Structures are given as structure tokens and as C-alpha cells.
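# Sequence unavailable; structure follows:
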């Protein structure tokens, strides 16, 4: 029996990969074909994404797959981070570079929108956690600062859909990525047209929503000729990277939570329908679209962005790997200082080390100076924020949670994984690290008719990847520090 081959294009807010998946006899093997950087560009006072460069990297990944590895994939799928989007002009050409979510164009947008629609009403209409960079608030910022541009564009496409359009010429909005926008009706999974109209935002720019696991079409003939390949199918996978990652969780039953750990930490549970209540509103939980009609009931937590930004500064003197930094963190005696990872000062500071030190000074704590102390502060603070969020999850949903699946790049971090077990008091099952690529590929396989549903997808993951289990330690110490953490960040348990 020959293997079926699929190419996952997985692009995060700092890097991207082209990963080849070979599906054979209920197991899936991955091979990284191409890796590339993805950095925000600062132009004319604003942060943007270089979508043209990303498109060239996608084509390079496909070319390498065919020419160097000798495999023409049956299908290709693209996933990215959420909320960001680009515009097309009427002829279908790019209308400038997309704004990046860390840009300041949406500063003050939330308060301005809330003056039109009260917070509680907006949450009931969308079920989405309020974050200033949500697509709705970005559109409001564009309406305020660049009204002529917003009026002149023809279509709005989210980042993975925009890149897919450049490959296929077909316009659409994939459901899971659209659900991050705060512009969908959570009950119907379709655009909340009346909401946008009430804010004076254009609705003609919105494209038809398609479900994940749908074949969209084929790569354009001119791209086929340029790359020297024949027709290759392109599928709408779960285009939000977190949705693809959750689709790959090797879980049984329903008594589990997940943390998708990368630049952001996405912590939540899988539900059969949205959970929009007073408790979920007060705890700022979001209801994003999952595969097969499920809801990703979760919270966005600032994740390893904190360490990534510190590493950029440390690397100016000496280049460290993340494994180096993780090892160095064990040289700190620990709990010297704690931070709230979601403090606004950490969103996009000029100097993350300086921002952490200022936070510690403001909260009358030890000011960390060394790499071990700063790194350990980040890991311990993240683990304690996970415990805080776990308590909120249980309270808001009423669901019993007996274990946590830790997936994504952060699952390779043994120190953070153990700290998470210690802080939450639950068993942590770490892996797969390449959960997003796995989910992307398996949804391609579903789109072409090889796999039936998410349960068959997860069985293949169980057959294909190794995980590591961490058990809680030092409960009393972590309980004390959890109380201290809440005093520092000023939140109730």
C-alpha cells in the first residue's frame, strides 16, 4: 500500500514551516521541508506583515518538496495565527500589506466600540474574549485612521485564506480563522451582519465561510508551470493554527483540557456548543470555532513571546538556543519574582527585559538581572497563570478536568511542563510538539476522503507520536506561591 503525501504550510507570528506528511497504514510521519522567518515590518509608523515574502516562501517549500525530496504532494493546506487579515482591490490584487495585530491602530478601539455597543451585549453577540487586536477592533481602527482605504477595498481575507487565494485564485473565509475575528454569530457560525452594520463597518468585503476539511481547488496553472508541477489540490484545513493543533490532540474521553503553547498559550476545553454565560463573560473566555461543529472554549494567555523577546536582546551578545535558556533557568533558586504574563506592558515593549524589571519594581519584588532569574520568572509565572485559568475554566463550564494535554513547541520544554504539573496539580501529557502540522495534514486527508472524522484523526496521532507525562510535585510550595501570585497580580482566585 502506497503512502499518501500532504504538505502543511504552518505559519506562526515569528516563523513558518513547510512540513511533508506521509500517511501510511494508520500512521503519519512528518518531515520538515523548509523553515523560514516571519517578522513584522515597520513602515510609515505601523507594523505590517510581508505577505508577498510569505507567498514566495510557500512556493519555495513546495518546490523543495518536489525537486529535492522527489515527492509531489496530493494536497496542500495553510494555517496561520488568528485575527489578522489583508484586503484585495477590485481586480483581485493586494491592497497593501496587512496590518499586524501588535500594531497600535486598534489602541482605544475597544472603548470606542463599547460606547456604541455595551460590553455585555457584544459578548452575547459574539462569545469572544475582548482583546484589542481582534479583527473587529482592527477594522474599527482602520475606519478611524484610514477611512478612504476601507471604503475602496473589494474583499477582506484572513491571512491563511489570503495566501490560499494567491495560490488558487479562489476567495473564501475558512470558519475557524473567521471565528477569531469577533464578527461571527457563535450560534450560526456565520457573519454577524447586523453587528457590523450597527458599527458602520462594511459588509460587502466579507467572503463566504467554508468549513475546515474542504477541498477548495487546485494551484493556479501559472504557478504549476513556474514550479514545474502538475495540478495539486489545496484544502481549507482548520486555518487557525490553534484549531489545527487541537484537532491533533491524542486524547480519549472528554475530561481533559489543553494548552497549546507557543508565542501565545491557548488554554481551554473542547465543547459541543458555545458557552456564553455571565461566568464566561467575567472570566473573559472565548468561543472559537473548532472542527466538526465543536467549540474551542478557551482563553488567550501571553505565552513564550515573553522569552522570545528577551532572547532577541540576549542574542546580541551571545546566541542562546531555547534549550540553553531552559537549562539556565534551573540555576535560579526560583520564586524570586512573579509577573502577570498578560499585563499590557508586555504586549509589544521596545525592551522586554526592561518591561519585566519595571513590573517587578512596580510590584515591590526582587528585580531580576540574570538570564536564569528572568527565564525562571517567566516559566513560573506562566505555570501559575495556567492554574488560575484552569480554575476559571472549571467554574465557567462546570466540566470535570482530570488531565491537561500540552501541545505545540512549548511541550518540548521540560521545565515549563513540570512547573505546569506542579502548579495545576494535574497530570500533564506533553506532545505532540508539531500538533498544528499534524492537524493540518489530517484535515487534508479528511478533505480528500481518506479519513472520516476527528476521532479517526486522533487515533492516527496516538499511533504516530510519543508523549511524555509529568506528575505534580511540591504541592504545598506551589500552593503558597499561587496565593502570592494572586496578591501580586491583583486577581481573585
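Looks like it came in fine. As the structure is a computational prediction, the values presented were derived from the model and not from experiment. Numbering: from 1, shown residues only.

# how is this structure carved up into domains?
Residue ranges for the domains of the chain, per automatic domain parsing: 4-239, 249-431+452-493.

# These: which one's closest to residue 437?
Residue 437 lies closest, by Cβ to Cβ, to one member of the domains of the chain: domain 4-239, at 4.3 Å. Backbone N, C-alpha and C define where each C-beta goes, glycine included.

# Output the domains of the chain as JSON lines; include the columns distance to residue 440.
Formatted as JSON lines, the domains of the chain follow (distance: least, Cβ to Cβ, whole Å):
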{"stretch": "domain 4-239", "distance to residue 440": "4"}
{"stretch": "domain 249-431+452-493", "distance to residue 440": "11"}
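
# quick one: which of the ones you listed is nearest residue 445?
Evaluated over the domains of the chain, closeness to residue 445 peaks at domain 4-239, with 5.7 Å, by Cβ to Cβ.

# quick one: terminal-to-terminal distance for the closest one?
21 Å (Cα to Cα, to the nearest Å).

# Please shift the residue numbers so they start at 56 in all later answers.
Noted, 56 is the first residue going forward, which turns the last one into domain 59-294.

# distance between it and the chain's centre?
For domain 59-294, the separation from the chain centroid amounts to 12 Å (computed by Cα atoms, centre = their mean, to the nearest Å).

# Next: stretch 425-437.
Remark: stretch 425-437 is offset 23 Å from the chain centroid, using Cα atoms, centre = their mean.

# So, low pLDDT: which residues of the stretch 156-305 of the chain?
Nowhere does the stretch 156-305 of the chain drop to pLDDT under 70.

# Residue 501: which of the domains of the chain is closest?
Using Cβ to Cβ, those put domain 59-294 closest to residue 501, at 4.4 Å.

# hang on, the earlier thing: any chance of the domains of the chain in JSON lines, plus mean neighbour count?
Compiled in JSON lines, the domains of the chain are given as follows (neighbours: other Cβ atoms under 10 Å):
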{"stretch": "domain 59-294", "mean neighbour count": "19"}
{"stretch": "domain 304-486+507-548", "mean neighbour count": "19"}
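
# For the stretch 106-255 of the chain, which segments count as strands?
In the stretch 106-255 of the chain, the strands defined using DSSP state E, counting those that start in this stretch lie at 130-135, 140-143, 210-213, 228-229, 239-240, 245-246.

# what sits against residue 519?
Contacts of residue 519 were listed using Cβ atoms under 8 Å, 6 or more residues apart in numbering, and they are 82, 83, 84, 493.

# Apply 7 Å and report the result again.
Residues counted as contacts of residue 519 (Cβ atoms under 7 Å, 6 or more residues apart in numbering) are 82, 83.

# Check residue 514 too.
Going by Cβ under 7 Å, 6+ apart, residue 514 touches no other residue.

# May I ask which helix or strand encompasses it?
helix 509-519 (DSSP states H and E).

# Relative to the whole chain's centre, how far out is that helix?
Distance, centroid of helix 509-519 to centroid of chain: 21 Å (Cα atoms, centre = their mean).

# From what I see, residue 133 and residue 218 are in contact.
Yes: assessed by Cβ atoms under 7 Å, residue 133 is found in contact with residue 218 at 5.2 Å.

# Any idea which of the strands of the stretch 106-255 of the chain gets closest to residue 381?
strand 130-135 (26.2 Å).

# and that closest one, what does it pack onto?
Helices and strands touching strand 130-135, as assessed by 3 or more Cβ pairs under 7 Å, 6 or more residues apart in numbering; DSSP states H and E, comprise strand 59-66, helix 214-223, strand 288-291, helix 296-302, helix 490-502.

# closest one to residue 448 among those?
helix 296-302 (14.3 Å).

# Just read off the phi/psi values of residue 339.
phi 60, psi 50 (degrees, to the nearest 10).

# Does it touch residue 184 like I think?
Yes: the pair residue 339 / residue 184 is scored as a contact, 4.9 Å apart, by Cβ under 7 Å.

# what do these two both touch?
residue 354.

# re the thing from before, would you mind giving the strands of the stretch 106-255 of the chain as JSON lines with distance to residue 365 added?
Converted to JSON lines, the strands of the stretch 106-255 of the chain look like this (distance: least, Cβ to Cβ, whole Å):
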{"stretch": "strand 130-135", "distance to residue 365": "24"}
{"stretch": "strand 140-143", "distance to residue 365": "29"}
{"stretch": "strand 210-213", "distance to residue 365": "30"}
{"stretch": "strand 228-229", "distance to residue 365": "34"}
{"stretch": "strand 239-240", "distance to residue 365": "36"}
{"stretch": "strand 245-246", "distance to residue 365": "40"}
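
# Between those, which one is closest to residue 174.
The closest of the strands of the stretch 106-255 of the chain to residue 174 is strand 239-240. By Cβ to Cβ, the value is 17.7 Å.

# Partner strands of that closest one, with direction?
strand 245-246 (antiparallel) (DSSP bridges).

# got the contact list for the strand it pairs with?
Applying Cβ under 7 Å, 6+ apart, the contact partners of strand 245-246 are 238, 239, 261, 264.

# again with stretch 216-225
By Cβ under 7 Å, 6+ apart, stretch 216-225 touches 106, 109-110, 113, 133, 141, 212, 226-229, 232, 271-275, 278, 289, 294.

# can we see that at 6 Å?
For stretch 216-225, contacts defined as Cβ atoms under 6 Å, 6 or more residues apart in numbering pick out 110, 133, 141, 212, 226-229, 271-272, 274-275, 289.

# Between those residues, which sits nearest residue 538?
Nearest to residue 538 out of those is residue 229 (Cβ to Cβ; 43.0 Å).

# Could you pull out the strands in the stretch 406-548 of the chain for me?
Taking DSSP E, counting those that start in this stretch, the strands of the stretch 406-548 of the chain run over residues 458-462, 482-485, 523-525.

# OK, contacts around residue 469?
Residues near residue 469 by Cβ under 6 Å, 6+ apart: none.

# quick one: average pLDDT of stretch 142-153?
The average pLDDT for stretch 142-153 rounds to 96.

# Grab the nearest non-local neighbour of residue 418.
Distances taken as Cβ to Cβ, 6 or more residues apart in numbering place residue 543 nearest to residue 418, at 5.3 Å, with adjacent residues excluded.

# Look up how far residue 443 lies from that neighbour.
Here the criterion is Cβ to Cβ, to the nearest Å. By it, residue 543 lies 12 Å from residue 443.

# any idea how far residue 244 is from the closest residue in space to residue 197 that isn't next to it in sequence?
Once flanking residues are discounted, residue 197 sits nearest to residue 205: 4.9 Å by Cβ to Cβ, 6+ apart. Residue 205 is 25 Å from residue 244, where distance means Cβ to Cβ.

# do the same with residue 415
For residue 415, the distance to residue 244 equals 43 Å [Cβ to Cβ].

# what's the answer for residue 89, then?
The gap separating residue 89 from residue 244 is 33 Å, by Cβ to Cβ.

# One more: residue 252?
Separation of residue 252 from residue 244 (Cβ to Cβ): 19 Å.

# cool, and residue 400?
Residue 400 is 36 Å from residue 244, where distance means Cβ to Cβ.

# for residue 411, same thing?
To residue 244, residue 411 is 40 Å away according to Cβ to Cβ.

# go on, residue 102?
The spacing between residue 102 and residue 244, counted by Cβ to Cβ, is 30 Å.

# ok, back up a step: wait, the residue nearest to residue 197 sits on residue 196?
No: here residue 205 does not reach residue 196: they are 9.9 Å apart, not a contact under Cβ atoms under 6 Å.
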